[in-house]
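**Q** Okay, predicted coordinates and the sequence, questions at the end:
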Amino acid sequence: MTAPLVSVRGIERTFGTGPAAVHALRDVSFDVEPGTMVALVGRSGSGKTTLLNVIGGLDRPDAGSVTVDGAEITGLDEDGLAELRRHKVSYVFQTFGLIPVLSAAENVGAPLRLARTPAAEREQRVRLLLDLVGLAGHAEQRPGELSGGQQQRVAIARALAASPRLLIADEPTGQLDAETGRSVMALLRGVVESEGVTVLVSTHDPVMMALADRVIRIGDGRLEE
Amino acid sequence: MIRRLLPALHWPSVRGRARADAGPLILAAVVVAAVTALAGAVPVLLTGTADEAVRQAVRDAGNQAEVLVRADWEYDDGSLGRVRDPRSTDALDDLRDQALDQLGPLRDQMLPPIEYAEGPYLKFVGAPDPRSMRLAYVASGSGPAVTWVAGSAPAASAEPPDVEVPYTGDPWPVQVGISETTAARLGAGPGDRLRLEDGQANSRDVRVSGVFRPADRADPVWQAAPWLLDPTLGADGPGVTRFGGLLSAESLPDARLAFALDEVSRTVRFRPDPGSLTLDSAERIVATVVTLKATSGSSATRGGSQWATALDRLLRAVHDQVDAARAQAAVLLSAVSLGAVLILLLAAHLLAGRRAAALTVARQRGTSLAALGAELLLESLLVAVAAAAAGALIAAAVAGGVAWGWLLPVAVTAVLAGPGFGLVTAYRATRDKRVPANRSARRRAGRTAALRRFTAEFAVLAAAAIALTVLHQRGVQDSTILPAAAPALGALTGALILLRLLPPITRLVLRLAVRSTLPLAVFGAARAAAATRALPVLALVTSAALATFAPALGSTIGAGLADGAWRSVGADARADLPARPAAETTALVERIAAAPGVRHAVAAQVTSAAPVVVGGASRPVRLIVVDSAAYRALLADTPLPALPALPASGNPLPVLVHSADGVLRAGVTLQLTREGAPALDLTAVASAPAIGDTDDVVLADAAAMTAAGVPVVPNTIWVTGPGAARALAGTTIVDRAVVERERRDAPLVAGLVGLAWVATGTLLALGLLGFALGAAAGAPARWQTLSRLRTLGLRTGEARRVAAAELLPLALAAALGGPLLGVLLAAVTLGPLDLRLLTTQPTDPALLLPWVAVALLAAAFPLALAALVPIEAAARRRRRLSEVLRLGGA
């Protein structure tokens, strides 16, 4: 049995204090095996995004621990978290989050620049990833010249650029039509197969849940798996 | 009925928006209040300053401000000869009363008139140096108060008082009193007959009745003839010392008999009372005096009065000065107004951006644009009115009144900008207009937008070009704003050009950064390329340019004042000596030259209005007779122009000349006319430096002059060196530093230079405020991008550097483009502003850039950037990075 890539134990997260306090996560614990695609499902306000933020180190829990690839991240400082994001965890945003004045290739290469990857190696990796997401012919186009689905593909390619162990996607198809959304989810599925990366994705769409290796349901801040 | 016509206001929304955006609203209010205080106070202060400038000019002008009313004496022919008129002073009283009647209500603005009668030029016979004598009667109601230290007051020379004297016969005796100084110089006392002859070498019988001491040397009555107290050098020609003999009411009739009828003047002298003058009353005086001069000039009949004065020229010169100061103040106020307008637009734009979501929701809930506009207008009206009222109160407290003209652009912007941007934001958020799907339609829409932008920019460019043209052709006039706004419009045009240059520059930098191995450079350049906004660039560059222009104006005036003081004094210090033997002056110069801290000391004979004939016409010139070699060495020790070589002798006598109109120039021949001596031929060999406050200068070498038979009696000593003023202690000293300080402290100059520095501070503050607002406007997008980059592994310190890189083009545009533009504007527009009128120079002062101020200004924006980014980062750090996963945008 392989060790889990993500291990979540007893996570608590509350926003606000007193009577107005909102308990976003209550004693959440689960593991995610490496090389799998896990869908996080729940209604709006159920705590999906908070859970993804805590796992990705974008938010800190009030209690509990999160281990990613053997590293306890809840105790990391800002620089430690930056290192984690640079090498182990990457994100795909609902709104793509591309830099508008950079071309698709330059956007994809951004994490490699931060990791100070040599130019030749970076360019080779960018070409590979753009090919992987089916945008080899759009390398020099800027985000504004691409469709929504194409932009999300560039975002996925960028998320894969630094060869992360974990890819977190919070409703990556939220701004796409159903057809494009399905193709993006298929791409993520393919990435799991081809790159061996672990994907943690939040979604509402039952069709997309079918592509996942595992579905974790969350409601009112608790796991309903 | 009216309530039904007005859109319904949703008061909770109005209150809620005001509470949520209190910061930007207070900021706009502060800008409005500050500019209102400045623009409301300055014109009022300037009016008061103009009045003070008129008073000061009249005070400083001395006799130049006098109004002279002359009339001929009535014929005094009898049956066998001339009849002595014992009531001569009554004739002067009559002239005074007649003149007062002609002045009308303006008589209240005049000091008590001085009745004055002066005899012709008389020459001392057998004197060791050239000496002349004039007899004068002065009275202001009664004769001047004197103490007779020896002898008695002049008495009548004949009994009975109305004796008839044959036309031919011995010279008629006249009794005069002489001052103690004159008595000492002449070695004369009561009972002595002075050896005098007139211009035709006819002997005259003038006898000293007594020696007097004035009760008050400062009595204005003496100003009519100061040589009655102290002998004066140069008043009757170069090297000639004039002595005075005081006539009494009793001896004046004898003086009339002693000379030909028209050789004794009958004059009343008026001087304006400086304390009662204002610019307006000065204008009325000018109009009246010009009319009296014109009408009296045509009066050739005996008994009519003739008016003569330079007061109209003097007051017109002050008026020109005031106009120039007003023009320059208008330029500065238009600069501050434009800066404030741009900042208010920027603040309103920021406010609309902050309110975009709330305004969109309001529209989606059914609020009409009219209602929304009314709510926003009400809010901005309240803020603008309250702020303007506060500013007006400050202006009233400082200046004693408020001028409203300059407030209009700022007030209109403050009231309309917020609602305007708010409505556009609300309209765009809810309009049913999508970006066209096909490319050609998008291109067409882009071309339409570009055409709109080009039209607006062309309008600004055209306005600036017209303003500059009008400024150069007609200068700034009271009633026209356009030329006064030329520098401001020029700055705005320059900022527009820079705005168009920035995108290609930032794109080029981005291309270079992409090829580099520096990750932060790429992200910084990418943000910078994406974040160029029009309003911040326009506001910052315009403010920075005008903040450079304003101190350039102030420093150029300052430099002009310094140059003017050098030109007026001619050295570090100057001594104006009373008439004295040349040997005494030579000894004094030697003593001064040996004093500590003195580098050069040169004595000269300076005649302020020596009559010179050139081209058949006589013109008064400033005649300087000096040791040219010593003077050349002295001038080389000053910033004044060098003295060309002057041949030691020659016939005609070689001289250097200078005149503003070019009549006196190298190559012309001149004649120096002298009382009682033949004219001296001169030839101009080169240009003289313009030294002194007159335009026409003739400079001759002392040795050559002496060799030509013209006596040289120095009356001026120029001294250079740090100890110059100290070395001249005990003489009538003119200290250059004091002259310069007095000119700097003159009301108009001090007011204008002060305004230039206040405008500089205000514009710099507006520029920095614009920088903060520009940064704030782009902050949401900037930190959202940075947050996303942080999810890729960007560290917090690196994020600050990327943020700084994004703001760097704006800071550099302001720090480099602004001052450069300001310097260019100063070079192009200072000329037509007639700065010479304030610096008392014959030509406009050369542009002097305040490099320290420019450097500080240039440094202010990068420093602001260095301070702003950590503050912004600290403020943003409070927001959780997790928010970015759900937020849209870049």
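**A** Noted; the coordinates are in hand. Numbers count the residues shown, from 1 in each chain, chains lettered A, B, ... in the order given.
**Q** From now on I want contacts and neighbour counts done on CA atoms only, so please keep to that.
**A** Noted.
**Q** Quick one: name the residues of chain A near chain B.
**A** Contact residues, chain A versus chain B (CA under 8 Å from any CA of the partner chain): A:53, A:58-59, A:78-79, A:81-87, A:90-91, A:93-102, A:110-111, A:113-114, A:116, A:119, A:159, A:170.
**Q** contacting residues for the residue of the stretch 751-890 of chain B found nearest chain A?
**A** Of all residues in the stretch 751-890 of chain B, B:Gly793 sits closest to chain A, at 4.1 Å by CA to the nearest CA. Shown in contact with B:Gly793 (CA atoms under 8 Å, 6 or more residues apart in numbering or on different chains): A:Leu81, A:Ala82, A:Glu83, A:Leu84, A:Arg85, A:Arg86, A:His87, A:Pro111, A:Leu114.
**Q** Specify the local secondary structure of the first one.
**A** Taken by DSSP: H, G, I helix; E, B strand; the rest coil, the conformation at A:Leu81 corresponds to helix.
**Q** Pretty sure it sits against A:Gly57.
**A** Yes: using CA atoms under 8 Å, A:Leu81 is in contact with A:Gly57, at 6.4 Å.
**Q** Which of the contacts of B:Gly793 has the largest number of neighbours?
**A** A:Pro111 (28 neighbours; other CA atoms under 10 Å in any protein chain shown).
**Q** for that residue, phi and psi?
**A** phi -60, psi -30 (degrees, to the nearest 10).
**Q** Now do the same for it: its pLDDT.
**A** Listed pLDDT for A:Pro111 reads 90.
**Q** what's the distance between it and B:Ala629?
**A** 80 Å (CA to CA, to the nearest Å).
**Q** B:Ala392 now?
**A** 61 Å.
**Q** what do you get for B:Ser787?
**A** Taken as CA to CA, the span from B:Ser787 to B:Ala629 is 78 Å.
**Q** Repeat that for B:Pro678.
**A** B:Pro678 is 28 Å from B:Ala629, by CA to CA.
**Q** neighbour-wise, which of the two wins?
**A** The neighbour comparison of B:Pro678 against B:Ala629 (other CA under 10 Å) goes to B:Ala629, with 16 against 10.
**Q** continuing past the helix or strand hosting the more buried one, what's the next helix or strand?
**A** In this structure, B:Ala629 is located in helix B:628-636 according to DSSP states H and E. Toward the C-terminus, helix B:628-636 is succeeded by strand B:653-658 as the next helix or strand (DSSP H and E).
**Q** partner strands of that next one, parallel or antiparallel?
**A** Strands that pair with strand B:653-658, judged by DSSP bridges, come out as strand B:677-687 (parallel), strand B:697-701 (antiparallel).
**Q** as a whole number, average confidence for the shortest one?
**A** The predicted model gives strand B:697-701 an average pLDDT of 91.
**Q** Please enumerate residues in contact with that strand?
**A** B:621-628, B:646, B:648, B:653-659, B:688, B:690-691.
**Q** My reading is that B:Val69 lies in a strand. Confirm?
**A** Yes: checked against three-state DSSP, B:Val69 lies within a strand.
**Q** can you pull the contacts of it?
**A** B:Leu95, B:Ala99, B:Thr267, B:Val268, B:Arg269, B:Ser305, B:Gln306, B:Trp307, B:Ala308.
**Q** For stretch B:181-195, measure first residue to last.
**A** Its start and end residues considered, stretch B:181-195 measures 18 Å (CA to CA).
**Q** Pull out the buried residues from that stretch.
**A** B:Thr181, B:Thr182, B:Ala183, B:Ala188, B:Gly189, B:Pro190, B:Arg193, B:Leu194, B:Arg195 (16 or more other CA atoms under 10 Å in any protein chain shown).
**Q** Residue 28 sits in which helix or strand?
**A** This is for chain A. Assigned by DSSP H and E, A:Val28 falls in strand A:22-32.
**Q** try chain B instead
**A** helix B:22-61.
**Q** For that helix, which helices and strands make contact with it?
**A** In terms of contact count using 3 or more CA pairs under 8 Å, 6 or more residues apart in numbering or on different chains; DSSP states H and E, helix B:22-61 is assigned the packing partners helix B:279-297, helix B:311-354, helix B:369-399, helix B:407-430, helix B:747-791.
**Q** Show me the one of these that comes nearest A:Arg43.
**A** helix B:747-791 (25.3 Å; CA to CA).
**Q** contacting residues around whatever helix or strand comes next after the closest one?
**A** For helix B:747-791, the following helix or strand on the C-terminal side (DSSP H and E) is helix B:796-812. Identification of contacts with helix B:796-812 by CA under 8 Å, 6+ apart yields A:78-79, B:502, B:506, B:520-521, B:523-529, B:531-532, B:536-537, B:540, B:771, B:775, B:782-783, B:786, B:790, B:861-862, B:865-866, B:869-870, B:873.
**Q** repeat that with 6 Å
**A** B:Gly524, B:Arg527, B:Ala528, B:Leu786, B:Phe861, B:Pro862 (CA atoms under 6 Å, 6 or more residues apart in numbering or on different chains).
**Q** Taking those residues together, which two end up most distant?
**A** B:Leu786 and B:Phe861 (22.5 Å).
**Q** which residues of chain B score low on pLDDT?
**A** Along chain B, the model assigns pLDDT under 70 to residues B:1-7, B:297-303, B:432-437, B:476-480, B:676, B:878-880, B:882-890.
**Q** before we move on, what about chain A?
**A** For chain A (pLDDT under 70), the answer is A:1, A:225.
**Q** For chain A, which segments are assigned as helices?
**A** For chain A, the helices defined by DSSP state H occupy A:48-56, A:78-87, A:104-114, A:119-132, A:148-161, A:178-195, A:206-209.
**Q** Compute the inter-axis angle for the third one and helix B:747-791.
**A** Counting by axes from the mean of the first three to the mean of the last three CA atoms, to 10 degrees, helix A:104-114 lies at 90 degrees to helix B:747-791.
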